[in-house]
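Asks: what follows is a predicted protein model with its sequence.
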Amino acid sequence: QVHTVESGGGLVQTGGSLRLACAASGGIFSSRAMGWFRQAPGKEREFVAAISKSGGSTLYADSVKGRFAISRDNAKNTVHLQMNAVRPEDTAVYYCAARNAAYATSSTRIADYDYWGQGTQVTVSS
């Protein structure tokens, strides 16, 4: 059983930056690809970014490409999402998720992730 806890959310102005963190426990962190997803009020949860278990491969949604960066530290069992040049449409609850350990690569699909945190709220003011 993998447990993930997100932190770092808050209120930020348009054009500003925020760094989200996800701390994972249980299982072997380095054996799992990790992903960030978000859900805005009244909308479905959507993919944001993902990273392979080695950290050598990353995926991004088109809406955040060039602005957000995902990284991981397997020695500290953490994954980060650096958010730059944020926009009001980035406002959402951001979730960290861990993929099944049988897969080395990351995925954009919600169904491919087995373990989810409670989320952290990010609000971008205009």
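Replies: Great, that's in hand.

Asks: and the residue sitting nearest the centre point of the chain, what pLDDT?
Replies: Centroid check for the chain by Cα atoms, centre = their mean gives residue 36 as the closest residue, at 2.1 Å. pLDDT, residue 36: 98.

Asks: check residue 2 too.
Replies: Listed pLDDT for residue 2 reads 88.

Asks: looks to me like the residue nearest to the centre of the chain is in a strand.
Replies: Yes. Using DSSP: H, G, I helix; E, B strand; the rest coil, the secondary structure at residue 36 is a strand.

Asks: okay but it is in contact with residue 9, surely?
Replies: No. Between residue 36 and residue 9 there is no contact under Cβ atoms under 8 Å: 11.7 Å. For every residue, glycine as well, the C-beta is placed using N, CA and C.

Asks: shared neighbours, those two?
Replies: Listed contacts common to residue 36 and residue 9 are 20, 94; contacts here mean Cβ atoms under 8 Å, 6 or more residues apart in numbering.

Asks: strands along this protein, start to end?
Replies: Under the criterion DSSP state E, the chain contains strands at 3-7, 10-13, 18-25, 34-39, 46-51, 58-60, 68-73, 78-83, 92-99, 113-116, 120-125.
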